[in-house]
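Participant: here you go, sequence then predicted model.
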Amino acid sequence: MLDKLVNQRVMQVVTKGLDSAEFRQKIIAQNIANVDTPNYKRGLVSFEAELKQALGHGVSLKGAVTNAKHIPINFKPIEEVKAKYHITKEQTLRNDGNNVDINVEMANMAVNSLRFNTLASLLSRRITMLKTAMRNRMS
Amino acid sequence: MGMFDSMMISASGLTAEQFRVDVISNNIANVNTTRTPEGGAYRRRQVVFGAREKSVFLEELKGKMGDYQGEGVKIVEVIKDQSPLRRIYDPSHPDSNKEGFVELPNVSIVKEMVDMISASRAYEANVTALNTAKGMIGRALTIGRA
């Protein structure tokens, strides 16, 4: 019973989001540190698209999984969603073959940081809700 | 992955850009140097950056080659610019040759200034990245705190 209470699906999804945001921060830092390196191609982390697909949003037909032997159709269990790292192959106009655009990286970093803070807030509030329910009173 | 990898990557960027500014300052200081230990006028120095890779052996050992990323930037080498030196006619210069020409360094102050601005901006960007990572870790520590 305790496992279902503490390991809610929402918290699992949010935790994965937090992990992927941390990973993305690392790759953005890598891109910024290599802004002057010849022939360096920027890396990027994809996660939101995989998560959306795994949760089955935007897909009309979703198979129900009511037995451990059922094969999921059009959605994946949360555990299998992972942030993926790609190296871009975008061409660049720069003479040194480097395709890092510092403005894009700074903007991505700001967005990522806000996303991380939002998810952290979400997780915090959910935990507070649980604590309130456990305490059985409002203060 | 490690919480602090991002900060170490940004730190490597800071080191690299600072080193680049050092090399640029050296070029500017030597813009009129006609005597060097290796003989001849000073040649402009240039920094070559390279992406720093994680140790391949360690990663294989830990069984994770799938998500191969990188660990920042490193200085690969400092090369001497091989473009021709400036020659001016000045017989009164102590280092002028028989015809009265003296060779001066191939350093252009304008180019060095532009490089310095670029290095300075890159340094600031790395500082912002480091602060962002620090803020994220700090925020994560407050999850669940009353």
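Facilitator: Alright, I've got the coordinates.

Participant: for chain A, which residues are neighbours of chain B?
Facilitator: Residues of chain A lying close to chain B by Cβ under 8 Å from any Cβ of the partner chain are A:18, A:21-23, A:25-30, A:32-38, A:40, A:43, A:85, A:102, A:105-106, A:109-110, A:112-113, A:116-117, A:120, A:123-124, A:127-128, A:131. Where C-beta positions appear, they are placed from N, C-alpha and C, glycine not excepted.

Participant: inside helices: which ones of these?
Facilitator: In this view, those that belong to helices under DSSP state H are A:18, A:21-23, A:25-30, A:32-33, A:102, A:105-106, A:109-110, A:112-113, A:116-117, A:120, A:123-124, A:127-128, A:131.

Participant: narrow the residues you listed to those that are buried.
Facilitator: A:18, A:21-23, A:25-30, A:32-33, A:102, A:105-106, A:109, A:112-113, A:116, A:120, A:123-124, A:127 (16 or more other Cβ atoms under 10 Å in any protein chain shown).

Participant: all strands for chain B, in order.
Facilitator: With DSSP state E, the ranges of strands along chain B come out as B:45-51, B:73-80, B:86-89, B:101-104.

Participant: redo those strands as a markdown table? Include mean neighbour count, mean pLDDT and distance to chain A.
Facilitator: As requested, the strands of chain B are exported to a markdown table (neighbours: other Cβ atoms under 10 Å in any protein chain shown; pLDDT from 0 to 100; distance: least, Cβ to the nearest Cβ, whole Å):
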| stretch | mean neighbour count | mean pLDDT | distance to chain A |
| --- | --- | --- | --- |
| strand B:45-51 | 18 | 94 | 4 |
| strand B:73-80 | 15 | 94 | 5 |
| strand B:86-89 | 12 | 93 | 23 |
| strand B:101-104 | 17 | 94 | 26 |
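
Participant: name the residue of chain A that lies nearest to chain B.
Facilitator: A:Ala33 (3.0 Å; Cβ to the nearest Cβ).

Participant: pLDDT wise, what is that residue at?
Facilitator: A:Ala33 is assigned a predicted lDDT (pLDDT) of 95.

Participant: surely it is in contact with B:Tyr123?
Facilitator: No: if you go by Cβ atoms under 8 Å, A:Ala33 and B:Tyr123 don't touch, sitting 10.6 Å apart.
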